[in-house]
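Q: Please work out how this folds:
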Amino acid sequence: MKQYSWKDKISNIAQWGGIETSVLDISAGRGTRIAWINTGSGLRYKVVLDRAMDVADAFFNNYCLSWMNETGITPPAFFADKGVDWLRNFGGGLFVTCGLSHIGGPESDEYGERGLHGRISNTPAEIISIQQPDPFRGNMNMSITGLIRETSIFGPRLELRRTVSSKLGEAIIHLQDEVTNNGNQSAPHMLLYHFNFGWPLADEGTDILWQGSWQPRDESSKLIFNENNNFRKCPPVMEEHAGAGEAAAARLSRAGAMGVVVHGGCTPLRRRCPAGSRAAHCRAATRGRVPVAAAARRVARCGGCHATPPRRLRGLSRRSRGGRTPASGRSRAISVR
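A: Residues are numbered from 1 along each chain as shown. So this is what the prediction gives:
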């Protein structure tokens with residue numbers, strides 16, 4: 001949209017775009033708080049405030065971008081943290097946050113039991129700020145900020161401060177996360193962004209693009225992810241798609257000169273978040289990797305299924321998944337574009 005082309009043509013900014021909050025009523029998500037963000041550029045998306053401010057529906061020029069499960073949006077289930085209970089109210093959507101103490105499959109060790117993908121996506125946000133655009137005063141930005149706490153008595157006290165923002169006239173979603181350990185001792189910390197793209201964005205003939213190398217996750221995944229099979233182009237619906245099962249590849253991305261990662265994957269890592277500190281994460285979408293020396297607010301582009309935190313910051317050393325890493329200092333988290 002050309003600059004100033006709107007002047008003298010509208011009196012209510014809602015005609016162009018902005019943020020509208022509401023509460024679901026007639027669906028299975030009755031009572032769930034949401035916020036529709038309309039960028040006025042063809043991109044509009046729904047932030048589910050009661051589900052860690054994750055983005056569910058997302059549309060560009062009336063075409064859906066996200067895959068939606070039959071479950072749909074449901075209220076948070078505070079005790080869906082055992083085994084694979086997480087799947088029972090996983091509604092899909094553009095992205096779902098996994099963590100803050102665990103990502104991946106269920107596991108247990110000397111530190112306790114952890115269910116699939118952790119608890120954070122079943123935690124409501126405390127909304128602390130909503131900023132509407134005001135182009136009459138030169139402000140085109142809109143944002144919503146909330147606090148999502150993963151905490152318990154005698155347990156970890158992790159706080160996710162999340163800001164979802166866009167700019168009037170631009171088809172971009174900005175996501176800025178900051179995780180703080182408010183407890184008096186170190187705590188395990190993992191974070192993953194579970195992106196779910198669906199029809200018609202993902203359809204027969206769709207090309208999957210990324211910069212960097214790749215490797216199959218395990219032996220069973222080699223049936224699909226091998227050099228003799230063009231897995232970079234989406235096939236039509238196949239009989240093999242019926243039932244359960246999963247194949248995956250780890251895509252190791254390269255960041256360009258501007259710190260932009262297009263698609264990619266890496267192995268998730270567990271780290272320890274020290275008392276009173278903040279942990280930073282890779283500016284990546286779709287499991288992207290950004291070099292360790294990346295600037296504090298580097299931005300990555302969405303382009304696949306997951307994002308993980310492979311980045312090392314000041315005073316942080318990395319260990320294999322399941323390890324505990326001491327650290328010091330405060331650092332900020334991600335901006336996903």
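
Q: any idea which residue sits dead centre in this protein?
A: residue 193 (3.3 Å; C-alpha atoms, centre = their mean).

Q: immediately after the one helix or strand that residue maps to, which helix or strand?
A: Following DSSP states H and E, one finds residue 193 within strand 187-195. As assigned by DSSP H and E, the chain's next helix or strand after strand 187-195 is strand 212-216.

Q: where does the stretch 1-150 of the chain dip in pLDDT?
A: The stretch 1-150 of the chain contains residues with pLDDT under 70 at 1-4.

Q: Tell me where it has strands.
A: Taking DSSP state E, counting those that start in this stretch as the test, the strands found in the stretch 1-150 of the chain are 18-23, 33-38, 43-48, 54-60, 63-64, 95-100, 107-109, 112-114, 126-131, 141-151.

Q: Could you list every helix and strand in contact with the longest one?
A: Using 3 or more C-beta pairs under 8 Å, 6 or more residues apart in numbering; DSSP states H and E as the contact criterion, the secondary-structure elements in contact with strand 141-151 are strand 18-23, strand 33-38, strand 126-131, strand 157-167. C-beta here means a position set from N, CA and C on the backbone, and glycine is covered the same way.

Q: quick one: it to strand 18-23, angle?
A: 40 degrees (axes from the mean of the first three to the mean of the last three C-alpha atoms, to 10 degrees).

Q: In the sheet, which strands lie alongside strand 141-151, parallel or antiparallel?
A: Using DSSP bridges, strand 141-151 pairs in its sheet with strand 126-131 (antiparallel), strand 157-167 (antiparallel).

Q: Any idea which of these gets closest to residue 47?
A: Proximity of these to residue 47 was assessed by C-beta to C-beta; the nearest stretch is strand 157-167, lying at 5.4 Å.

Q: next one: whichever helix or strand comes after the closest one to chain centre, how far?
A: Downstream of strand 157-167, the first helix or strand assigned by DSSP H and E is strand 174-181. Relative to its parent chain, strand 174-181 has a centroid offset of 11 Å by C-alpha atoms, centre = their mean, to the nearest Å.

Q: Just the C-alpha atoms of strand 174-181, please, in CSV.
A: The C-alpha trace of strand 174-181 is given here as CSV (Å, rounded to 0.1, in the frame of the first residue of the first chain):
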residue,chain,number,x,y,z
HIS,A,174,7.2,-10.5,14.7
LEU,A,175,7.6,-12.7,17.7
GLN,A,176,9.9,-11.6,20.6
ASP,A,177,10.3,-14.0,23.5
GLU,A,178,12.2,-13.5,26.8
VAL,A,179,12.5,-16.2,29.4
THR,A,180,13.4,-15.3,32.9
ASN,A,181,14.2,-17.6,35.8
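
Q: what angle separates it from strand 141-151?
A: Using the same axes, to 10 degrees: strand 174-181 against strand 141-151 is 30 degrees.

Q: quick one on the thing from earlier: could you identify which of the strands of the stretch 1-150 of the chain is most buried?
A: Neighbour counts (mean count of other C-beta atoms under 10 Å) averaged over each of those peak at strand 95-100, with a mean of 26.

Q: Now tabulate the helices and strands packed on strand 141-151 in a markdown table and tack on distance to residue 62.
A: A markdown table is the format used below for the helices and strands packed on strand 141-151 (distance: least, C-beta to C-beta, whole Å):
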| stretch | distance to residue 62 |
| --- | --- |
| strand 18-23 | 18 |
| strand 33-38 | 12 |
| strand 126-131 | 25 |
| strand 157-167 | 17 |
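
Q: Looking at these, spot the one closest to residue 240.
A: That would be strand 33-38 among those, by C-beta to C-beta, at 35.6 Å.

Q: Return the list of helices and strands in contact with the closest one.
A: strand 18-23, strand 43-48, strand 141-151.

Q: now the ones you listed as a markdown table including distance to residue 236?
A: Below are the helices and strands packed on strand 33-38 laid out as a markdown table (distance: least, C-beta to C-beta, whole Å):
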| stretch | distance to residue 236 |
| --- | --- |
| strand 18-23 | 38 |
| strand 43-48 | 28 |
| strand 141-151 | 39 |
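
Q: closest one to residue 228 among these?
A: Closest to residue 228 of the helices and strands packed on strand 33-38, according to C-beta to C-beta: strand 43-48, at 38.0 Å.

Q: quick check: angle from that closest one to strand 54-60?
A: Per the same axes, to 10 degrees, the angle that strand 43-48 makes with strand 54-60 is 160 degrees.

Q: what lines up beside strand 43-48 in the sheet?
A: When DSSP bridges is applied, strand 43-48 pairs with strand 33-38 (antiparallel), strand 54-60 (antiparallel).

Q: Output the longest one as CSV, nothing but the C-alphas.
A: Only the C-alpha atoms of strand 54-60 are listed here, as CSV (Å, rounded to 0.1, in the frame of the first residue of the first chain):
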residue,chain,number,x,y,z
ASP,A,54,0.5,-19.1,20.2
VAL,A,55,-0.8,-18.3,16.7
ALA,A,56,-3.6,-20.6,15.5
ASP,A,57,-5.4,-19.5,12.3
ALA,A,58,-3.4,-17.4,9.9
PHE,A,59,-4.5,-16.2,6.5
PHE,A,60,-2.9,-14.3,3.6
